[in-house]
Structure formats: C-alpha cells, structure tokens
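J.: Have a look at this prediction, sequence included:
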Amino acid sequence: MATVAVIGTGNMGRGLAKVLSEAGHTVVLGSRDAGRAAAAAREVGPGVVGRENAAAVRDADICFLAVPFAQENATLQGLRAHLAGKIVVDISNPLNASYDGLVTEPTTSAAELVAEMLPASRVVGAFKNTLAAVFALPVFEGAQSTVFVVGDDEEAKQYLLGIIRTLPFAGLDAGALSVARTLENMSVLLIQLVQKHDYHWRAGFRVLA
C-alpha cells in the first residue's frame with residue numbers, strides 16, 4: 001500500500017481520495033487552505049487527512065494533481081521543490097468554457113505542460129477519461145472502466161498501474177506522455193456523449209481485448 005497525496009478538494013479529488021482510501025492506501029488530501037483540506041477529508045471519510053499542499057506531498061510516494069487545468073500553474077508554482085523526484089499523476093483536461101474543445105494547441109497536452117513545469121518530477125497522465133460520478137460506481141454491468149496511463153518514465157507508469165490494480169478500475173499502459181493529447185480529446189467526446197444521451201455524468205471507456 002502506498003502513501004498518496006491528492007492535490008485538489010473538488011469532486012475529482014474527493015472521488016479519487018475515496019477509492020484510494022477504501023483500497024487501503026494512506027491518503028492525504030491537499031489544498032492551498034489547510035482548513036478546506038481538513039473539511040474535505042472529513043467529508044471523504046475516516047482515514048483520510050487534509051493538509052496544506054506542501055505538507056500533503058512531503059511524505060507521499062505518489063501525488064495526484066486533481067485541480068482544474070486553469071489552476072495547475074498557480075498550484076505547482078510553490079510545489080516544484082517538494083515534488084522533485086516524485087511521481088506526479090496529472091488527471092486534468094484542458095477543456096474550454098463550453099466543454100466542446102480544448103484550450104491547448106494540438107502539439108501538446110495538459111500532461112506535457114505539467115511535465116514542463118515539473119522537470120525534476122516523474123510525470124504521468126491517468127484518469128483523464130474518468131468522470132467524477134464514476135468514482136462512486138466504477139463498475140458498469142460487471143465491467144471495470146478502463147484507466148489509460150501514459151508517460152515516458154516506464155517505472156513510474158508501472159508503479160501507477162500497480163496502484164490502479166488495487167482499485168475497481170482496469171489500468172492500461174497507453175504509451176508515451178504525448179498520447180495524453182488523444183486522451184484529452186477523448187474526454188471531449190465523452191462529455192458530448194453524456195450530454196447528448198443523458199448518461200447523468202456516469203460514463204466511461206472500456207477496452208475489450
């Protein structure tokens with residue numbers, strides 16, 4: 001079991017913290033405000049603690065960045081030194097205001113931009129196609145939702161895939177960090193399907209092989 005920091009107290013951060021805690025991992029929920037982190041941790045459930053961001057990542061084996069894309073730069077500004085050498089998992093999607101496209105250029109992705117901001121960290125991308133509602137009910141008619149894991153650090157990817165195997169999700173190595181560009185566009189498609197077919201924000205992808 002790992003010691004995990006989840007940076008971000010929104011729906012995604014709380015949902016991820018809950019499934020990780022239920023799987024037996026030690027989870028610290030981080031926020032810029034320690035009081036907000038503590039309140040969110042109490043909401044998630046027993047065993048999860050809340051701390052200010054720097055304190056949350058200090059002893060973590062792996063850190064999940066679960067803040068909106070627009071906030072990532074500000075969040076990471078003061079955490080570079082604390083995250084040096086650590087595995088950092090970017091789960092964000094750089095969606096535009098209407099959720100029908102991305103604000104990034106086609107030649108990059110949110111995950112690649114995080115890697116540029118954290119050159120001393122081991123950045124991977126994952127959970128980009130997992131909607132917040134799926135964390136509560138991740139199994140669809142007996143089938144686990146697929147979590148695509150991308151990154152250029154093979155050891156970091158395998159470590160994350162090992163953690164995902166403890167969760168009610170199916171992890172899959174999807175290749176290099178640049179593949180995050182495709183995954184982030186897939187999230188645009190997923191949102192369009194949810195809105196068109198009224199899936200109540202509970203939908204995901206499953207690879208059949």
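T.: Thanks, I have the structure now.
J.: Give me the phi and psi for the most centrally placed residue in the chain.
T.: In the chain, the residue lying closest to the centroid (Cα atoms, centre = their mean) is residue 91, at 3.1 Å. With angles defined as degrees, to the nearest 10, residue 91 sits at phi -110, psi 10.
J.: List the contacts of it.
T.: For residue 91, the contacting residues are 12, 16, 64, 65, 66, 125, 126, 127, 128, 130, by Cβ atoms under 8 Å, 6 or more residues apart in numbering. Every residue, glycine included, has its C-beta placed from N, CA and C.
J.: for residue 75, same thing?
T.: Residue 75 neighbours (Cβ under 8 Å, 6+ apart): 7, 8, 32, 53, 65, 67.
J.: Repeat the analysis, applying 7 Å as the threshold.
T.: By Cβ atoms under 7 Å, 6 or more residues apart in numbering, the contact set of residue 75 is 7, 53, 67.
J.: From the chain's centroid, how far away is the helix or strand hosting it?
T.: Using DSSP states H and E, residue 75 sits in helix 69-77. Here the centre of helix 69-77 is set off from its chain's centre by 14 Å, with Cα atoms, centre = their mean, to the nearest Å.
J.: and it, what's its mean pLDDT?
T.: Across helix 69-77, the average pLDDT comes to 94.
J.: Kindly report the same for stretch 156-176.
T.: Stretch 156-176 comes out at a mean pLDDT of 98.
J.: now swap in stretch 188-201 and tell me
T.: Average pLDDT, stretch 188-201: 96.
J.: quick one: contacts of that stretch?
T.: 99, 100, 101, 102, 129, 131, 133, 203.
J.: which ones among the contacts of residue 75 are found in helices?
T.: In this view, those that belong to helices under DSSP state H are residue 53.
J.: and of the contacts of residue 75, the nearest to residue 165?
T.: The nearest member of those to residue 165, counting by Cβ to Cβ, is residue 7 at 22.7 Å.
J.: show me what contacts the residue nearest to that closest one when sequence neighbours are not counted?
T.: Using Cβ to Cβ, 6 or more residues apart in numbering and skipping the chain neighbours, the partner closest in space to residue 7 is residue 30 (4.4 Å). When contacts are counted by Cβ under 7 Å, 6+ apart, residue 30 is found next to 5, 6, 7, 37, 51, 52, 53, 56, 57.
J.: Most widely separated two among those residues?
T.: Greatest spatial distance among the contacts of residue 30 (Cβ to Cβ): 6 and 52, at 13.4 Å.
J.: Show me the helices in the chain, by range?
T.: Under DSSP H, the chain gives helices at 11-22, 34-44, 53-58, 69-77, 80-83, 110-117, 132-136, 154-164, 180-197.
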